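**Q** Sequence and predicted model, in that order:
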Amino acid sequence: MGRRRGAAVAVVRPGDTAEVAAVVAACAGAGVAVVPQGGNTGLVAGGIPRGGEVVVSTRRLDW
């Protein structure tokens with residue numbers, strides 16, 4: 001909807017669950033928060049980073 005903007009340190013687009021696990025493990029080890037993003041259809045802004053987080057996009061995952 002374009003009403004909110006976020007500020008992330010990085011956006012990652014893993015292709016499988018092993019890559020998701022590696023990203024989460026690396027972020028946990030570095031003390032960096034993770035924000036998952038799917039279709040970006042939510043109205044409560046739960047998938048918008050506030051600043052300093054890593055966004056994990058689910059776009060490439062094959063459901």
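**A** Done, it's in.
**Q** can you give me how far the helix or strand hosting residue 56 is from the chain middle?
**A** In the assignment (DSSP states H and E), residue 56 maps to strand 53-57. On the basis of C-alpha atoms, centre = their mean, to the nearest Å, strand 53-57 sits 2 Å off its chain's mean C-alpha point.
**Q** So what does the residue nearest to residue 5 when sequence neighbours are not counted have for phi and psi?
**A** Nearest non-adjacent residue to residue 5, counting by C-beta to C-beta, 6 or more residues apart in numbering: residue 48, 7.6 Å away. In this view, the C-beta of every residue, glycine as well, is placed from N, C-alpha and C. For residue 48, the backbone dihedrals (degrees, to the nearest 10) come out as phi -110, psi 120.
**Q** got the contact list for the nearest residue to residue 10 once chain neighbours are set aside?
**A** In space, residue 10 comes closest to residue 54 once its chain neighbours are excluded; the distance is 5.0 Å by C-beta to C-beta, 6+ apart. Contact analysis of residue 54 by C-beta atoms under 8 Å, 6 or more residues apart in numbering lists 8, 9, 10, 11, 12, 23, 27, 32, 33, 34, 35.
**Q** Out of those residues, name the ones that lie in helices.
**A** 23, 27 (DSSP state H).
**Q** Where do the strands of this structure begin and end?
**A** Remark: strands assigned in the chain by DSSP state E are 8-12, 34-37, 53-57.
**Q** quick one, which of these is packed in tightest?
**A** strand 53-57 (a mean of 19; mean count of other C-beta atoms under 10 Å).
**Q** Distance to residue 19 and mean pLDDT added to the strands of the chain, as a markdown table?
**A** As requested, the strands of the chain are exported to a markdown table (distance: least, C-beta to C-beta, whole Å; pLDDT from 0 to 100):
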| stretch | distance to residue 19 | mean pLDDT |
| --- | --- | --- |
| strand 8-12 | 8 | 91 |
| strand 34-37 | 13 | 90 |
| strand 53-57 | 10 | 93 |
